[in-house]
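K.L.:
quick one: sequence plus predicted model below, questions after.
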Amino acid sequence: MADQHAPSPVDAPPSMVPALRWDEPPEGPVLVLLDQTRLPVEEVELVCTDVPALVGAIRTLAVRGAPLLGIAGAYGVALAAARGFDVDDAAQSLAGARPTAVNLGYGVRRALEAYRRALDASGDLASAAAGALAEARRLHREDAEGSAAMGAAGLALLDELLPGGNHRILTHCNTGALVSGGDGTAFAVALAAHRAGRLRRLWVDETRPLLQGARLTAYEAARNGMAYTLLTDSAAGSLFAAGEVDAVLIGADRIAADGSVANKVGSYPLAVLARYHHVPFVVVAPTTTIDPDTADGASIEVEQRPGQEVTEVMAPQTAGAEVGGALPVAPLGTQAYNPAFDITPPELVTALVTEHGALSPVTGSGIADLCARSRPATIG
Ligand SMILES: CSC[C@H]1O[C@H](OP(=O)(O)O)[C@H](O)[C@@H]1O
C-alpha cells in the first residue's frame, strides 16, 4: 500500500500543558488537570480543589490512562490531607472511581500509607499531609523514569524482532504523555523509534467509542512530528492483510498474575490478527500495572460504560462556541454494549516491556518474578 500520508497540518507547537500538575496558590493547594475530553480542539485546564471534583474528572476521563490515574489518585489523597478532608473517605472514593486500571488503587494506597506513617511518626496532621504529597511526587517521578526505561527497552526489542527496518507500528487507544509522568508506555516506544530515525509509520487506531486514538494519540504524534496515519478500528485487519504492520504496541490497565492483559476494548482482536499474520504483539506497561492479587484474566473486572458513549457522538467543542452537544448515531432507546476494556490471554502476547526490560514469553516464572516486584493495589 502506498503511503498516502501527508503530514497533518499542525499549527500548534508541542503542547506545553502537562497532563497533571500540583499547584499551591494563596487560596490553597490544587490539582490541575489538562481536560482530555476537550482535546484536540482545546487545551483547557481543570482545577480540582477537592476530591469529588477529581473523582468526577476520573469518571469522565478528563484524566485517564492507567499510570496517570495512579499518580492522580496519589495526589488526590495529598489534596484531601492538605485541605483537611477525611483522608480515608477520600482514598476509598478515589480508588473506586474506575475499576479496571490497577494503578489507581495502587497510587491511592502509596499516598495513604505515607500519610499514616507520617502521622504515626509526628502526631501532626501537617506533617502527615506533607508525607502524602512527597509520596505522590515520588510516584510521579518514578513513573517518568520508568517511561524512559520502557521507551529504550521497547526500541531495543523492536530492533531485535525487526532487524534492519524502519518500523511500521500499529497502536490502539492512547498511551503517551497524556497517561504518564513521562512520554507514556507504548507510545514512548514509538516516540523513541521516531527520535532514533527508525519509525516509518505510526498507524493510529481511532479507538471507538471515545476516540482516544483519533483525539489524543494523533494530537501527541502531530506535536512530536511523527509520521502517523489515522484509521478506523475496523480497517486494521486490511492493513495486516496488506503486510503493512511490522508490530503492534499497546498499553495495559491491569496485568493478572498469569500474564492476562486488560486493555482498551479492541486490543484482543488486534492480538488475534497479529497472531494470524505472524506479527509481534507487544504490551508496554510499568510494573505498577501488574496485579499479583488477580489470578487470571477472568478475575479482572472490566468496566462497563454508559451506552450513550456508543449511541451518541460528542460534537466537537470549539473555543467560544456552545459546549458541544451529543449527536445521536442510533435510534432513540437503542441499547448498547460498551465494555471499556477487553482481555488478551498471555499466549497471544509476544512480549511484555516494563521498566525492567522485555519479558518473553509472558507466562510462567517470568511473570511470577515481575509479580514479586509488584505490590498489591488494595488499600490496607
Ligand atoms: C497505558 S495506560 C493507557 C491505557 O488506558 C486507556 O484506557 P482509558 O482511556 O479508558 O483510561 C487504554 O486502556 C490505554 O491502553
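P.N.:
Arrived safely, thanks for sending. Being a predicted model, the structure only gives us computed values, none of them experimental. Numbers count the residues shown, from 1 in each chain.
K.L.:
can you count the residues close to the residue of the stretch 151-300 of the chain at minimum distance from the ligand?
P.N.:
Closest approach between the stretch 151-300 of the chain and the ligand, counting by CB to the nearest ligand atom: residue 251, at 2.7 Å. Just so you know, the C-beta spots here come from the backbone N, C-alpha and C atoms, and that holds for glycine as well. Using other CB atoms under 10 Å, residue 251 has 30 other residues around it.
K.L.:
excluding its backbone neighbours, what's nearest it?
P.N.:
Using CB to CB, 6 or more residues apart in numbering and skipping residues adjacent in sequence, the residue nearest residue 251 is residue 175, 3.7 Å away.
K.L.:
same thing with residue 351?
P.N.:
residue 360 (3.9 Å).
K.L.:
tell me how far that neighbour lies from the ligand.
P.N.:
19 Å (CB to the nearest ligand atom, to the nearest Å).
K.L.:
OK, contacts around that residue?
P.N.:
350, 351, 352, 366 (CB atoms under 8 Å, 6 or more residues apart in numbering).
K.L.:
in CSV: the residues you listed, plus neighbour count, distance to the ligand and pLDDT.
P.N.:
Below are the contacts of residue 360 laid out as CSV (neighbours: other CB atoms under 10 Å; distance: CB to the nearest ligand atom, whole Å; pLDDT from 0 to 100):
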residue, neighbour count, distance to the ligand, pLDDT
350, 20, 17, 98
351, 23, 16, 98
352, 27, 12, 98
366, 16, 20, 82
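K.L.:
helix, strand, or coil at the residue nearest to residue 251?
P.N.:
Following DSSP: H, G, I helix; E, B strand; the rest coil, the label given to residue 175 is coil.
K.L.:
tally of neighbours for it?
P.N.:
Neighbours of residue 175 using other CB under 10 Å come to 34.
K.L.:
pretty sure it is touching residue 284, no?
P.N.:
Yes: using CB atoms under 8 Å, residue 175 is in contact with residue 284, at 7.0 Å.
K.L.:
just the strands in the stretch 1-150 of the chain please.
P.N.:
In the stretch 1-150 of the chain, the strands defined using DSSP state E, counting those that start in this stretch lie at 20-23, 30-34, 45-48.
K.L.:
would you mind putting the CA coordinates of the longest one into PDB?
P.N.:
When you say that, I think you mean strand 30-34. Taking only C-alpha atoms (Å, rounded to 0.1, in the frame of the first residue of the first chain), the coordinates of strand 30-34 have been written out as PDB:
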ATOM      1  CA  VAL A  30      -5.000  22.400  43.900                       C
ATOM      2  CA  LEU A  31      -4.500  19.600  41.400                       C
ATOM      3  CA  VAL A  32      -4.600  21.000  37.900                       C
ATOM      4  CA  LEU A  33      -5.600  18.600  35.000                       C
ATOM      5  CA  LEU A  34      -5.400  19.000  31.300                       C
END
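K.L.:
which residues are in contact with each of residue 175 and residue 284?
P.N.:
Joint contacts of residue 175 and residue 284 (CB under 8 Å, 6+ apart) are 185, 186, 188, 249, 250, 251.
K.L.:
mind listing what the last one touches?
P.N.:
In other words, residue 251. Each residue near residue 251 by CB under 8 Å, 6+ apart is listed here: 65-66, 173, 175, 179, 184-187, 263-264, 283-285.
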